[in-house]
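Participant: please find the sequence and the predicted model below.
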Amino acid sequence: MKYYSIAIDGPAGAGKSTIAKKFASELGFTYIDTGAMYRAITLFYVEKGIDCSDEASVCRYLSEIDVDICYIDEAQHVLLNGADVTGSIRTQKVSDNASKISAIGQVREKLVALQQQMARSKNVVMDGRDIGSVVLPFADLKIYLTASVEVRAKRRFQELVEKGTEADLSTIAKEIEERDWRDMHRENSPLVCVEDAKVVDTSDMTIDEVTTYCMKLFDEVKGCEQ
Ligand code: DC
């Protein structure tokens with residue numbers, strides 16, 4: 001039986017998880033948020049008080065970490081050594097340290113193997129930074145989702161304001177630029193737009209427009225197979 005795989009990559013704040021979730025739901029595919037897996041590993045070190053930029057210490061404990069994902073009412077839940085950490089991986093401290101943890105080669109090897117195994121037995125929409133380039137180089141469809149720094153900063157600003165958190169637009173824009181730079185310039189699996197990816201700039205598009213466009217791209221892929 002043929003299983004389809006769809007890779008969605010792009011910088012932080014481009015709308016990857018929102019779109020990937022909706023796209024997967026429309027197609028009846030399983031959505032896999034790989035960023036959540038890097039966050040779960042990060043949480044392990046944050047809770048242990050280990051410096052996430054100390055590669056030797058991080059690698060020493062890696063074999064003690066078991067990351068898994070499961071689905072409850074179609075929503076992805078992340079398990080860290082059997083405990084559901086879906087809520088606790090979204091803190092600022094985990095976000096700040098996740099880019100250090102995800103830059104470590106041994107961490108990536110561990111998670112890439114797990115992600116490839118997940119895609120082997122089902123239809124998936126997987127989002128991250130290295131899905132089209134490393135995890136699923138033979139994906140049926142690769143999408144590179146992006147948006148201008150200005151638009152991504154405004155979206156993040158809005159999210160924080162809605163949560164009642166104080167925020168400054170220019171600080172957020174600066175943080176986004178720094179994060180982009182780190183993701184694109186790291187030695188291990190940097191964020192790249194691969195040649196065979198379809199680039200979708202979501203700056204002036206609504207979520208529904210992007211989802212409809214992605215569905216059209218997938219229909220084209222299936223049309224070419226017939
Ligand atoms: O998408 P996110 O913010 O949840 O990702 C968390 C961190 O993990 C972020 O620093 C980017 C990194 N990441 C990665 O390096 N490779 C992936 N496939 C997914 C996320």
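Facilitator: Looks like it came in fine. Computed from a predicted structure; not experimentally measured.
Participant: Arg156 reaches Gly13, doesn't it?
Facilitator: Yes: Arg156 is in contact with Gly13 according to Cβ atoms under 8 Å; the separation is 5.7 Å. In short, each C-beta sits where N, CA and C put it, glycine included.
Participant: what about those two, which has more around it?
Facilitator: The neighbour count for Arg156 versus Gly13, taken as other Cβ atoms under 10 Å, is higher for Gly13 (22 against 18).
Participant: show me where pLDDT drops low in this protein?
Facilitator: Of all residues in the chain, those with pLDDT under 70 make up the ranges 226.
Participant: which residue is nearest the centroid of it?
Facilitator: Most central residue of the chain, judged by C-alpha distance to the mean C-alpha position with Cα atoms, centre = their mean, is Gly128 at 2.9 Å.
Participant: what's the nearest residue to that one if we skip its chain neighbours?
Facilitator: The shortest distance from Gly128 to any residue that is not its chain neighbour, by Cβ to Cβ, 6 or more residues apart in numbering, is 3.7 Å, and that residue is Thr34.
Participant: burial count for the one you found?
Facilitator: Taking other Cβ under 10 Å as the criterion, the count of residues near Thr34 is 22.
Participant: cool, Tyr71 as well?
Facilitator: Around Tyr71 sit 10 other residues, with neighbours defined as other Cβ under 10 Å.
Participant: what's the answer for the one 10 residues further on, then?
Facilitator: For Asn81, the count of nearby residues is 12 (other Cβ under 10 Å).
Participant: show me what contacts it?
Facilitator: Counting by Cβ atoms under 8 Å, 6 or more residues apart in numbering, Asn81 makes contact with Phe44, Glu64, Ile65, Asp66.
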